[in-house]
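1. Whatever this is, show me its structure:
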Amino acid sequence: MRFSLRGTMALFGVGLIAHCMQVSEGIEVDIAYQPTATPAAVRTDLGYRVRLERALIAIGSVELIRCDNFVLDAWALFAPARARAHQLATPTSLGVPLVIDLMQSAGAPQFAGTLRPPPGRYCGIRVLAMPADEDAEGLTEENNDLREHSVLVEGQVENAAAGEPAAAFILRLKEVLDCDMPFDHPMVFDRPVLATITIQIDQTGWFDGIDLAEFALTDSSAAQQRIRDNVRSSLQAVLSQPDDGP
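-> Presented below is the predicted three-dimensional model:
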């Protein structure tokens, strides 16, 4: 009797898997990154003028999050030991590491890959910024230091109103940054569909709320934390699902 029950459950599981595979066929979600075109100079909310010379971010993975999992603790999903390893691709995630040079972007989307998630309701997307693997797309001899950093920015900062001379600064973030972005409305996949998620990056706001004259001299922990928060909030997910209309 026990054997029959196990056999029945096994057959049911096989049938369920086959059904899910059939239903999910044709569900495709393209992922693209779209940095803001970097102006010659960025003026912060505190009146500083920042002239960027280098601005790069390394992406380790991007994951589509089901509605029932979106509120889970990000630390539990991406403990440090796991987050620094190469992220494996799944039907709901891309594990292809990518280095994005924000200075070279003209505001055009950069295609990253295609997800083929199973049917369900998805309420958001999680991007993991982390030091790049040696085989990361976009990693070159010129930006090889991104193997040690998730974000790297260099430039000049000045406060003309205060009559202060321009000062050089360099920003390096080495830790993993998990960036969770809820959708305006859930993405519901219950039939074949082609959709696009564009992750917009607005690096022009990375230095808001920071006394950059002090930061250039002290590299304070408070300023570092504010920049981490600014980087996280600079990422926004925009959905496009032509089949469902506007």
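2. C-alpha coordinates for stretch 29-40, PDB please?
-> Once non-C-alpha atoms are left out, stretch 29-40 reads as follows in PDB (Å, rounded to 0.1, in the frame of the first residue of the first chain):
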ATOM      1  CA  VAL A  29      11.100  38.600 -19.900                       C
ATOM      2  CA  ASP A  30      14.000  40.600 -21.400                       C
ATOM      3  CA  ILE A  31      16.200  42.500 -18.900                       C
ATOM      4  CA  ALA A  32      18.000  45.700 -19.900                       C
ATOM      5  CA  TYR A  33      20.000  48.400 -18.000                       C
ATOM      6  CA  GLN A  34      19.600  52.100 -18.900                       C
ATOM      7  CA  PRO A  35      21.900  54.500 -17.200                       C
ATOM      8  CA  THR A  36      21.100  58.200 -17.400                       C
ATOM      9  CA  ALA A  37      23.300  60.000 -20.000                       C
ATOM     10  CA  THR A  38      26.000  61.600 -17.800                       C
ATOM     11  CA  PRO A  39      26.200  65.400 -18.200                       C
ATOM     12  CA  ALA A  40      29.500  67.300 -18.200                       C
END
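3. For it, the averaged confidence score.
-> The average pLDDT within stretch 29-40 is 91.
4. Check stretch 118-138 too.
-> Mean predicted confidence for stretch 118-138 is 94.
5. ditto for stretch 143-156
-> The pLDDT scores in stretch 143-156 average 93.
6. same question, stretch 223-230
-> Across stretch 223-230, pLDDT averages out at 87.
7. Now do the buried residues in it.
-> 223, 224, 226, 227, 228, 230 (16 or more other Cβ atoms under 10 Å). C-beta coordinates here come from the backbone N, C-alpha and C atoms, glycine included.
8. so what's the nearest residue to residue 97 once chain neighbours are set aside up against?
-> Nearest residue to residue 97 in three dimensions, chain neighbours excluded: residue 136, at 3.7 Å (Cβ to Cβ, 6 or more residues apart in numbering). Residue 136 is in contact with 58, 97, 98, 99, 146, counting by Cβ atoms under 8 Å, 6 or more residues apart in numbering.
9. Next, count neighbours for the third one.
-> Using other Cβ atoms under 10 Å, the number of residues around residue 98 comes to 21.
10. so what's it up against?
-> Residues near residue 98 by Cβ under 8 Å, 6+ apart: 33, 58, 59, 112, 132, 136, 137, 138.
11. if you set the cut-off to 6 Å instead, what comes out?
-> For residue 98, the contacting residues are 59, 137, 138, by Cβ atoms under 6 Å, 6 or more residues apart in numbering.
12. What about the first one, how many residues nearby?
-> The number of residues packed near residue 59 is 28, by other Cβ under 10 Å.
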